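# what would the 3D arrangement of this be:
(one chain, ligands or ions: 2)
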Amino acid sequence: MTQVVPLTKQELASKLVQEIAKKGDEIPEEYLRKDGFPEAIDAPDLWRGKLLIDFSLLSSYSATELAKLRSALSQWGCFQVINHGIDISFLEELIEVSKQFFALPLEEKLKCSAADDIVQGYGTDSAYSGSQTPNWNDRLFLFLHPKERLRHECWPQKPEKLREMIVEYSKKISTVNKVICKAMSRSLGLEENCLEFGKHGPAMARLNLYPPCPYPERVLGAKPHADHTVITYLFPEKEVEGLQILKDDQWYKVSVIPDALFINFGELGEAMTNGVFKSAVHRVGTNSEKDRISAVMFFNPDDEEVEPLSELISAHKPQLYRKFNMKEYRPKIYESFRLGLRPLHGFQV
Ligand SMILES: O=C(O)CCC(=O)C(=O)O
Ligand SMILES: [Fe+2]
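Numbers count the residues shown, from 1 in each chain. Ligands and ions are numbered 1, 2, ... in the order given. Here you go, the predicted model:
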């Protein structure tokens, strides 16, 4: 297993993308993808059509909306949801206050990075990217659950409102998640409590910052990956596009739909549904003009043991993934990140 070596604050500061971006056009070679990457296409009809779900219809178990949900998750592994019941002014304020956090002096932000933990807190994932091309992204990454993993010293003191807003956001997303869990189960023809997780709310929160990048055609904000979660909820900055998803070797830009939450299924959800629902492989593009912020909540399974639902295994659909423990899966995450691989592939039957 790859050892993740913690950095001093000084070393971390030299890797922060926001600090690199301040220097102008001179960016380290290692961020540049020599051969570029395949272009993504616009697909506004997709995002306003089959991948746009009306949450209010899901809560009333509308058969048409459930069928739409099932098709979105089994073909694309993601969708956007409107009428989710979360106050838009709250979500917009969260983005605004997150922006204020990233605009604080470096010294203040570094108070949220723990010397012995480069995963949690303020920092950048490029700290453990090894020989891989690093992402043009800084973040504040906080564990919420289980409580033993939560590190209070990584929570921001400033802006004063931010801590409270992250907790509030986690509660609001948790309410949405409870309905989504039931709707997903129903859409598969199962009892509504079959696909249940997030009893204690999201496991992790992440505020992403993608500073403007002078070479958007050669630099990615986040390289292609599937999330290491059951499901992920994301509210993006509305002014700036960036998120893109992969389907059948084609990249699609995610259109900004006003007020919508973006939801994508993760690897652990794919394992739990025996591959019936797919985890969406996604990446983030950069742009040369504006910062982009996203506010993300990640859900893990309630149990440490993960296995496909027996209801979703049949002669038709043999078991795809073996039962595994999160203790086996977690260490694989960082190693796979470095190598650009998907840890779930190691658990195929
Ligand atoms: O910022 C985004 O749009 C995507 C973020 C993401 O993929 C992640 O945090 O896992
Ligand atoms: Fe992601």
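# what packs against the lowest-mean-pLDDT helix or strand in the chain?
Lowest by mean pLDDT, DSSP states H and E among the helices and strands of the chain is helix 326-339, with a mean of 85. If you count contacts as 3 or more Cβ pairs under 8 Å, 6 or more residues apart in numbering; DSSP states H and E, helix 326-339 packs onto strand 305-306. Quick note: C-beta positions are derived from backbone N, CA and C, even for glycine.
# show the pLDDT at the closest residue to Lys161 other than its chain neighbours.
Closest residue in space to Lys161, ignoring its immediate chain neighbours: Val97 at 5.4 Å, by Cβ to Cβ, 6 or more residues apart in numbering. You'll see Val97 listed with a pLDDT of 98.
# list the contacts for Val97?
Contacts for Val97 (Cβ atoms under 8 Å, 6 or more residues apart in numbering) come out as Pro159, Lys161, Leu162, Met165.
# which of those fall within strands?
Using DSSP state E, no member of the contacts of Val97 sits in strands.
# keep only those of these that are in helices.
Members of the contacts of Val97 lying in helices (criterion: DSSP state H): Leu162, Met165.
# what does the stretch 101-250 of the chain have sitting close to ligand 1?
Arg206, Asn208, Ala222, Asp227, Leu234, Pro236, Gly242, Leu243 (Cβ under 6 Å from any ligand atom).
# repeat the analysis, applying 8 Å as the threshold.
Selection of the stretch 101-250 of the chain residues close to ligand 1 by Cβ under 8 Å from any ligand atom yields 137, 139, 206, 208, 210, 221-222, 225, 227, 232, 234, 236, 242-243.
# now neighbour count too, for those, in TSV please.
Shown next, in TSV, are those (neighbours: other Cβ atoms under 10 Å):
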residue	neighbour count
Asn137	23
Arg139	21
Arg206	17
Asn208	25
Tyr210	29
Gly221	24
Ala222	21
His225	20
Asp227	22
Thr232	26
Leu234	22
Pro236	25
Gly242	25
Leu243	24
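# of these, which one scores lowest on pLDDT?
His225 (92).
# look up phi and psi at that one.
Note on His225: its backbone torsions stand at phi -160, psi 160 [degrees, to the nearest 10].
# which strand residues bridge the residue of the stretch 101-250 of the chain found nearest ligand 1?
Nearest residue of the stretch 101-250 of the chain to ligand 1: Leu243, at 3.7 Å (Cβ to the nearest ligand atom). According to DSSP bridges, the partner residues bridging Leu243 are Val284.
# now swap in Asn325 and tell me
With DSSP bridges as the rule, Asn325 is bridged to Glu305.
# give me the distance between it and Ala271.
12 Å (Cβ to Cβ, to the nearest Å).
# so for the two, which residue has more residues nearby?
For Asn325 versus Ala271, neighbours defined as other Cβ atoms under 10 Å are more numerous around Ala271 (25 against 12).
# didn't that one look like it was pressed against Phe347?
Yes: counting by Cβ atoms under 8 Å, Ala271 does reach Phe347; the two are 6.8 Å apart.
# what do the two both touch?
With Cβ under 8 Å, 6+ apart as the test, Ala271 and Phe347 both reach Tyr321, Phe324.
# for Ala271, helix, strand, or coil?
helix (DSSP: H, G, I helix; E, B strand; the rest coil).
# list the contacts of it.
Taking Cβ under 8 Å, 6+ apart as the criterion, Ala271 is in contact with Val306, Glu307, Pro308, Leu320, Tyr321, Phe324, Leu344, Phe347.
# which pLDDT value belongs to it?
Ala271 carries a pLDDT value of 98.
# for Ser126, same thing?
For Ser126, pLDDT reads 69.
# again with Glu29
93.
# one step back: nearest to ligand 1, of the contacts of Ala271?
Leu344 (15.1 Å).
# I figured the closest one hits Glu270, correct?
Yes: between Leu344 and Glu270 there is a contact under Cβ under 8 Å: 6.5 Å.
# any common contacting residues for these two?
Ala226, Ser279, Tyr321.
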